[in-house]
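[1] Structure here, sequence nowhere to be found:
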C-alpha cells in the first residue's frame, strides 16, 4: 500500500471505507463496536469518522477470530491491555472449555485445549500429523 494523504493516520474514514480497509462487513464492524471490542467512532450517524486506531483494533479482532478465539475471549484480552501475546483464559466455575480429543493410534490419544495451548486450528492439525508420524517412526524402529 502506498502511503498517501488518504492513508495517513490522521485521516478519518467513513464506515464504508473502514469496512473496505479491514475487509469486514459493515454489520460486523458495528457489532464489534456494540460488544466493546472496538472503540466508538468520533461523531454520530453519517458524520461518524473512524481513525487508524479503529483500523488497528479491527485487524486485531480479525486476527484473533481467525486464530479460533471467541469474541468473549478477545474481549478479555482487550481488557488485559494492549496487544497481548495470548494469555491463558480466565478459568472460573461455569466457564466452558472446548477440548479436542485426537486419536493418534489404537490406545494412543491426545487431549488438547487449543486456546490454552496457544494453537490455531491449523497448528493443531499440524501437531496431530507430526505426532502420528512420530509414533509410526517409533513403531517402525522398534520392529527392527
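    On my side now, so go ahead. Because the structure is a prediction, the values reported are computed rather than measured. Numbering: from 1, shown residues only.
[2] Tell me, how many residues neighbour residue 50?
    For residue 50, the count of nearby residues is 27 (other Cβ atoms under 10 Å). Quick note: C-beta positions are derived from backbone N, CA and C, even for glycine.
[3] Extract the residue ranges of this structure that are flagged as low pLDDT.
    The model of the chain has pLDDT under 70 over residues 1-11, 81-90, 96.
[4] Could you break it into its assigned domains?
    5-80, 100-142 (automatic domain parsing).
[5] Looking at these, spot the one closest to residue 92.
    Nearest to residue 92, of all the domains of the chain, is domain 5-80, at 11.2 Å by Cβ to Cβ.
[6] And the strands in the protein, which stretches?
    Along the chain, counting by DSSP state E, strands occupy 100-105, 108-112.
[7] want to throw these into CSV with distance to residue 130 and mean neighbour count?
    Shown next, in CSV, are the strands of the chain (distance: least, Cβ to Cβ, whole Å; neighbours: other Cβ atoms under 10 Å):
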stretch, distance to residue 130, mean neighbour count
strand 100-105, 11, 12
strand 108-112, 11, 12
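[8] export those to TSV and tack on distance to residue 28?
    Below are the strands of the chain laid out as TSV (distance: least, Cβ to Cβ, whole Å):
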stretch	distance to residue 28
strand 100-105	27
strand 108-112	29
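[9] quick one, which of those is nearest to residue 133?
    strand 100-105 (10.2 Å).
[10] So which elements touch that closest one?
    strand 108-112, helix 121-142 (3 or more Cβ pairs under 8 Å, 6 or more residues apart in numbering; DSSP states H and E).
[11] Give the pairing partners of it; include direction for each.
    Within its sheet, and counting by DSSP bridges, strand 100-105 is paired with strand 108-112 (antiparallel).
[12] Other residues contacting the partner strand?
    With Cβ atoms under 8 Å, 6 or more residues apart in numbering as the test, strand 108-112 has contacts from 99-104, 119, 124, 127-128, 131, 135.
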